[in-house]
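J.: no sequence for this one, just the structure:
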């Protein structure tokens, strides 16, 4: 290894993160919430101004709420009154085949304000492109002293040792090389992860879709500037517009509601490179008429992927996000699964760095998150087959009785695709039932249903949500830097034994009392121990003799 650039003591942080995309930045934010320093290394000097995922799901928005960012993030992207409908039409200027109606941001927030006490969605899904979120997160990180940003540096090597890891990084402009020292190294560096490849960990699963009319072979996303699109079609636009006809299929996603779009189309072959002439032809065909626009950028991607790494790391080297799971974009699960990875991993690394986490804690990350990676990639793969395999009759654009019949039949089929956009079970239903750091109570959780979420405090799942009498969210009272002991009617005591034992073991814990019977009914016990990532670690009515076992289990001892 090459010595430190300044010839002096090597710079140290408890956690070194390779990759400054949304997962790496969320991990740094979660570590900071727990009071742990990190160094974040990213090859590019800035975040990408390249649209990618356009969905921040309900669970991701809950994580942003916990980090104090949800309100500001909801101001990004689409105008607040922009509908988030998904439309299917022959062409943008042609016949509408189906419309999946979904509310604007303003309407969603109105519903939140009027929600019932036990409503489970305090932070509804947000249709906002990842590029806007990434820029916002980087701005926030620039204000946090606990996070050292090394954007414009790349990792060129790392070596693990019993006490941690040594990382060599290179300035991509000057070529200067520096060594860093850390307790834990986390690879959040994407599908071509240098960290994963050096560990010789491989993906398993399905590498891509084949034999579909759409979402097969090779896809291209194109970033467009087209004010005329909004001027001409504002009366019929939602958030995503699919064009479905006998000659082509495309998807057009609205980015900012005034001039920016993404066009998703299929290349003629795997080897075909995207070019402006081809994409211009595709866009005009999708619109159905000549229109002024500017192509800003193209990038290709492989549809139908459902890949999960065989391992989520080894020793003190951990992997998260696209480094361990690759998705087809249907459902919008990819980035959101990575953000949930970061919430799970962040508190565990903090516990280890601060000395109150046990040896089983790190292994629990893979035990908890890998099954979710398999579950979510499979769901996205399933949704990709819907549009991809839909037959489209040639008469669908004819202004004839036969054409009208074909449009009606196709529209009825398309209307059933609404399940892709209502996957609340995927968003909120991740469970860690077989985790070594969950204290099971013998109860059986509800079935895992991608379209349905049933709140339950059966240990291992997301803590059930409730609005309190003062209209604050129960989640806002959970500890942001440790565990929360939720005290409910019917308990034997006020958790003094657990609180005292946690203090002795230096486990951060706060107690919060709720006397509302509706919340007691949700939790089904007098007490519940909530992890920093808002999953239920244990529930019961309180017995001092259980205390040592409970705490030892939930922190991996």
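T.: Looks like it arrived, so ask away. Only a predicted model underlies this, so the values are computations on that prediction, with no experimental measurement involved.
J.: where do the strands of the stretch 251-400 of the chain begin and end?
T.: For the stretch 251-400 of the chain, the strands defined by DSSP state E, counting those that start in this stretch cover 260-266, 294-301, 306-309, 313-314, 317-319, 325-327.
J.: neighbours around residue 376, how many?
T.: The number of residues packed near residue 376 is 25, by other C-beta atoms under 10 Å. Where you see a C-beta, it was placed from the backbone N, CA and C, and this is true even at glycine.
J.: if I look at it, how far off is residue 417?
T.: Distance of residue 376 to residue 417, computed by C-beta to C-beta, to the nearest Å: 18 Å.
J.: next: residue 67.
T.: Taken as C-beta to C-beta, the span from residue 67 to residue 417 is 33 Å.
J.: find the centremost residue of this protein, please.
T.: With distances taken as C-alpha atoms, centre = their mean, residue 336 lies nearest the centre of the chain, 1.0 Å away.
J.: mind listing the strands for the stretch 51-200 of the chain?
T.: Shown for the stretch 51-200 of the chain, the strands assigned by DSSP E, counting those that start in this stretch span residues 55-56, 86-89, 96-100, 126-127, 147-151, 153-161, 164-171, 177-187.
J.: out of those strands, flag the one nearest residue 423.
T.: Shortest distance between residue 423 and the strands of the stretch 51-200 of the chain, using C-beta to C-beta, is found for strand 55-56: 10.1 Å.
J.: the closest one pairs with which strands, parallel or anti?
T.: According to DSSP bridges, strand 55-56 forms sheet pairs with strand 126-127 (antiparallel).
J.: now do the strand it pairs with: everything it contacts.
T.: Strand 126-127 is contacted by residues 54-56, 61, 73-74, 77-78, 84, 105, 239 when judged by C-beta atoms under 8 Å, 6 or more residues apart in numbering.
J.: out of those, who's the most crowded?
T.: The member of the contacts of strand 126-127 that has the most neighbours, counting by other C-beta under 10 Å, is residue 56 with 30 neighbours.
J.: spit out the contact partners of that residue.
T.: 64, 73, 125-128, 133, 336.
J.: from residue 128, how far out is it?
T.: Using C-beta to C-beta, residue 56 is found at 6 Å from residue 128.
J.: isn't residue 244 up against residue 414?
T.: Yes: taking contacts as C-beta atoms under 8 Å, residue 244 lies within contact range of residue 414: 7.3 Å.
J.: please identify every residue contacting each of those two.
T.: Common neighbours of residue 244 and residue 414 (C-beta under 8 Å, 6+ apart) are 88, 97, 390.
J.: ok, how many other residues are close to residue 439?
T.: Residues lying near residue 439 (other C-beta under 10 Å) number 20.
J.: flag the shaky bits of this structure, pLDDT-wise.
T.: Along the chain, the parts satisfying pLDDT under 70 run over 1-8, 208-217, 385-389, 419-420, 544.
J.: rerun at 50
T.: 1-7 (pLDDT under 50).
J.: and residue 190, what is it in contact with?
T.: 19, 21, 321-323.
J.: how far away is it from residue 525?
T.: Residue 190 sits 42 Å away from residue 525, going by C-beta to C-beta.
J.: what do you get for residue 141?
T.: The gap separating residue 141 from residue 525 is 38 Å, by C-beta to C-beta.
J.: and for residue 230?
T.: For residue 230, the distance to residue 525 equals 52 Å [C-beta to C-beta].
J.: that older thread, shared neighbours of residue 56 and residue 128, anything?
T.: residue 73.
J.: more crowded one of residue 244 and residue 414?
T.: A direct count of neighbours by other C-beta under 10 Å for residue 244 and residue 414 places residue 244 higher, at 25 against 22.
J.: name whatever forms a beta bridge with that one.
T.: residue 249.
J.: report how many residues lie close to the closest residue to residue 121 other than its chain neighbours.
T.: Leaving out its chain neighbours, the residue that sits closest to residue 121 by C-beta to C-beta, 6 or more residues apart in numbering is residue 58, at 5.5 Å. The local packing of residue 58 (other C-beta under 10 Å) involves 20 other residues.
J.: cool, residue 427 as well?
T.: Residue 427: 27 neighbours (other C-beta under 10 Å).
J.: pull the residues that contact the helix or strand hosting it.
T.: Per DSSP states H and E, residue 427 falls inside helix 424-428. Residues outside helix 424-428 that contact it (C-beta under 8 Å, 6+ apart) are 57-59, 120-121, 125, 331, 333, 336, 375-376, 379, 448-453, 462.
J.: out of those residues, which are buried?
T.: Neighbour-count burial within the contacts of helix 424-428 applies to 57-59, 120-121, 125, 331, 333, 336, 375-376, 379, 450, 453, 462; the criterion is 16 or more other C-beta atoms under 10 Å.
J.: rewinding a little: so which of the contacts of residue 56 is the closest to residue 475?
T.: Lowest distance from residue 475 to the contacts of residue 56 (C-beta to C-beta) belongs to residue 64, with 11.6 Å.
J.: relative to residue 144, how far out is the closest one?
T.: Distance of residue 64 to residue 144, given as C-beta to C-beta: 15 Å.
J.: neighbour count for the two, which is higher?
T.: Neighbour totals were compared for residue 64 and residue 144, and residue 64 leads with 24 against 14 (other C-beta under 10 Å).
J.: got the contact list for residue 180?
T.: Residue 180 makes contact with 10-13, 16, 39, 166-169 under the criterion C-beta under 8 Å, 6+ apart.
J.: how does it look with 7 Å?
T.: Each residue near residue 180 by C-beta atoms under 7 Å, 6 or more residues apart in numbering is listed here: 10-11, 16, 39, 167, 169.
J.: quick check, nearest of these to residue 199?
T.: Nearest to residue 199 among the contacts of residue 180: residue 167, at 14.0 Å, using C-beta to C-beta.
J.: what segments of the stretch 1-150 of the chain are helices?
T.: According to DSSP state H, counting those that start in this stretch, the stretch 1-150 of the chain carries its helices in the segments 22-33, 58-66, 70-73, 105-113, 130-141.
J.: setting aside sequence neighbours, what's the nearest residue to residue 493?
T.: The nearest residue in space to residue 493 (C-beta to C-beta, 6+ apart) is residue 542, at 5.3 Å.
J.: got the buried residues for the helix or strand containing residue 412?
T.: Assigned by DSSP H and E, residue 412 belongs to helix 401-415. By neighbour count on 16+ other C-beta under 10 Å, the buried set for helix 401-415 is 403, 406-407, 410-411, 414.
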